[in-house]
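Undergrad: need a 3D model of the following:
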Amino acid sequence: MQTGYAAQTEYAIQAAVMDWARDPEHIKKYPELPMLFHVPNGGQRSKITGARLKRIGVKAGIPDLHLPVARNGYTGLWIELKKPGGTTSKQQKDVMAKLRFYGHLTVVCWSADGAIKTITGYLS
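TA: This next block holds a predicted model:
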């Protein structure tokens, strides 16, 4: 499945996935797509902003995308996006293990196409 994007950064990969998920034709086929959302835990922030976000619940290691739709015995899908060659941190691995323990499917994807295939496979 080609998205038409030559995404090399995590931002570009995620933007391509969300552009795909907003397409009315894709929503027609997969009506659950509007439930897909980004958890804004990453990025560079000032110490003050970081402290404020931490206080209200931002947590390190939470995967980038969440689809809170139950399928095939899972309670939801979490996707961690990485640029090609990127790796998950210990915190990310620990969080994903806990999510799996609680019945979620967690997947690491290194491209928009990989994430889209994961989502469509999950919803099919």
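Undergrad: just the helices in the chain please.
TA: For the chain, the helices defined by DSSP state H occupy 10-22, 24-29, 47-55, 90-101, 112-123.
Undergrad: mind putting those in CSV, mean pLDDT included?
TA: As requested, the helices of the chain are exported to CSV (pLDDT from 0 to 100):
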stretch, mean pLDDT
helix 10-22, 96
helix 24-29, 98
helix 47-55, 84
helix 90-101, 97
helix 112-123, 98
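Undergrad: select, out of these, the one closest to residue 69.
TA: helix 112-123 (7.3 Å; CB to CB). In this view, the C-beta of every residue, glycine as well, is placed from N, C-alpha and C.
Undergrad: that closest one - contacts with which helices or strands?
TA: Judged by 3 or more CB pairs under 8 Å, 6 or more residues apart in numbering; DSSP states H and E, the packing partners of helix 112-123 are helix 10-22, strand 65-67, strand 77-81, strand 105-109.
Undergrad: partner strands of the third one and their direction?
TA: In the sheet containing strand 77-81, its partner strands are strand 65-67 (antiparallel), strand 105-109 (parallel), by DSSP bridges.
Undergrad: and those strands, which is most packed in?
TA: strand 65-67 (a mean of 21; mean count of other CB atoms under 10 Å).
Undergrad: distance from that one to the middle of the chain?
TA: When C-alpha coordinates are averaged (CA atoms, centre = their mean, to the nearest Å), strand 65-67 and its chain have centres 5 Å apart.
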